[in-house]
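> Mind folding the following:
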Amino acid sequence: MGVYDLFGVDVRQTGYLFTLLIASVLFLIGLRGLSRAETSRRGLSLAGLAMLLAVVGTLLNKRIVTYEWIVGGLVVGTVIGVPMGRWIPMTKMPERIALSHAFGGLAVALVGVAEYFNHGLELSAFDLGAVGFEVLLGTITFTGSLMAFGKLMGILPGRPQTFPGQNALNLAVLAIALCLLAMLVARPDQRVLFNTLVALGLLLGVLMVVRIGGADMPVVICLLNSYAGLAAAATGFAVNVPVLIVCGALDGGSGFILALHMSKAMNRSFRNVIFGAFGARTHLKQAEKHAGVVREGTPEDAAELLKLANSVIVVPGYGMAVAQAQHAVRDLAELLEKTGAAVRYAIHPVAGRMPGHMNVLLAEANVPYDQLYELDLINDDFPRTDVSIVVGANDVVNPAARDTPGSPIYGMPILNVDQSKAVIVLKRSMNPGFAGVENGLFVKPNTMMVFGDAKKTLAQISAAVKQER
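Numbering: from 1, shown residues only. Coordinates of the predicted model:
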């Protein structure tokens, strides 16, 4: 009887299977909780507990005979992860998530590389195919996420980098990689095939994301998340760990569904998402200057307008994140509520650089969940709103998407801010957004432009509101 046997039962293996079962159930419940703002904290806690159980359960696997390397990995990961979690501000969350995706893709790719070089000749055709698929998706996720990180950080150009025949090249590289994968399954002893597959995966990640513009990062983040999940699921098949299959499938499926949702919100087609053609606007026309006069105001003018408002809608955008103005937004909203105004927040699904970017920032500023409204729930209320405050948003409030058929963003669902009785736009300049399209909202007769850093401007408006009281 072995050390871990008790009454003929392998306690270690039983504990391994039981903890992975509980972890899988908790992953499902946690994902369900993340579907609503009110239950998202509990869902995240349950998912975190599931991950802890998955790690503990995996450590009980009888295939593990020594823990030295595992302990070393835990130490290194902790030394890197704790500072990232504590010191990276919420405004840099898109960049941190892109970097985390890169680490995740590299991890699963390395697991596949190790599995092939240690057991490649012993694997069945199915397991070898899973290993190859895992490595291909992992390497794509790794370099693709690094490219996204570089664009979000400003290290790489934010605008799409394109060249003739780019789509054809991407498809050709993908087709060659899949052919190599099939050949590898038939000839597992040919390591040159495996090495070439790794190289093509790394190249494909670069080619797929280099052509994506900064405005389309929400779709890219979702798609990379899906790739990472599918790679993790393939890893589960390759190393026979069921919980990896479950959580990887959940991650891959939910990421893909979210990518479709984001593409719809940006007026992208399903084909654009699949083949990576989104963001490469190859036929952009220079938008005509909108006729009209810009009505510039001061923070004091904006405060006077807000003093008379009974209903206010705040529309946050990427500029709010750059200025780190979420706390200043909350402070102004609380002041307005004390004067009797009803304040709500209109959240466009692709505002910012990742899905839920604005929700995360506002939650960090302790804005109540019940004041956050998605586009479909609040868009019809703008005509009855006294004042809308646009904080750093541009393309998601551009009327050209609704009213100008020739515009590159025509058809993209927008927030109908221009239909409000009055609009205050906080912006550094009149420059267009990432789409490169002039915004007719800025010259509407009911719009007041207040130029400057959003955080400072909001503080000045709040101070003026206090004086008015």
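> Now do the buried residues in the longest helix that the chain contains.
Counting residues, the longest helix found in the chain (DSSP state H) is helix 125-153. Neighbour-count burial for helix 125-153 flags 127-152 (criterion: 16 or more other CB atoms under 10 Å). Backbone N, C-alpha and C define where each C-beta goes, glycine included.
> after that helix comes which helix or strand?
Per DSSP states H and E, helix 125-153 leads on to helix 166-186 as the next helix or strand towards the C-terminus.
> any idea of the mean pLDDT for that next one?
The average pLDDT for helix 166-186 rounds to 91.
> and that helix with helix 125-153, angle?
150 degrees (axes from the mean of the first three to the mean of the last three CA atoms, to 10 degrees).
> can you start the count at 42 instead of 1 from here on
In the new numbering, first residue 42, that becomes helix 207-227.
> Report all helices and strands that the next helix or strand after helix 207-227 contacts.
Per DSSP H and E, helix 207-227 leads on to helix 232-251 as the next helix or strand towards the C-terminus. With contacts taken as 3 or more CB pairs under 8 Å, 6 or more residues apart in numbering; DSSP states H and E, helix 232-251 sits against helix 134-160, helix 166-194, helix 207-227.
> tilt between the first one and helix 207-227?
Relative orientation of helix 134-160 and helix 207-227, computed by the same axes, to 10 degrees: 30 degrees.
> Also the longest one?
Interaxial angle of helix 166-194 relative to helix 207-227 (the same axes, to 10 degrees): 150 degrees.
> any idea of the mean pLDDT in helix 166-194?
On average, helix 166-194 scores 91.
> How about stretch 479-489?
Mean predicted lDDT for stretch 479-489 stands at 91.
> which element is the closest residue to residue 306 other than its chain neighbours on?
Leaving aside its chain neighbours, residue 306 sits nearest to residue 390 (4.0 Å; criterion: CB to CB, 6 or more residues apart in numbering). Here residue 390 is covered by no helix or strand, with elements defined by DSSP H and E.
> can you check the one 4 residues further on too?
If you go by DSSP H and E, residue 394 is not part of any helix or strand.
> what's the residue nearest to it when sequence neighbours are not counted in contact with, if anything?
Spatially, and ignoring its direct neighbours in sequence, residue 394 is nearest to residue 135 (3.9 Å; CB to CB, 6+ apart). Remark: with contacts taken as CB atoms under 8 Å, 6 or more residues apart in numbering, residue 135 is in contact with 193, 258, 262, 393-395, 398.
> so residue 277 sits right up against residue 292, yeah?
No: contact criterion CB atoms under 8 Å: residue 277 and residue 292 do not qualify, at 11.3 Å.
> Okay, buried residues for stretch 213-230 please.
214-215, 218, 221-222, 224-226, 229.
> my bad, should have said stretch 429-446
In stretch 429-446, counting by 16+ other CB under 10 Å, buried: 429-442, 445.
> Which ones among those lie within helices?
Those of the buried residues of stretch 429-446 mapping onto helices are 441-442, per DSSP H.
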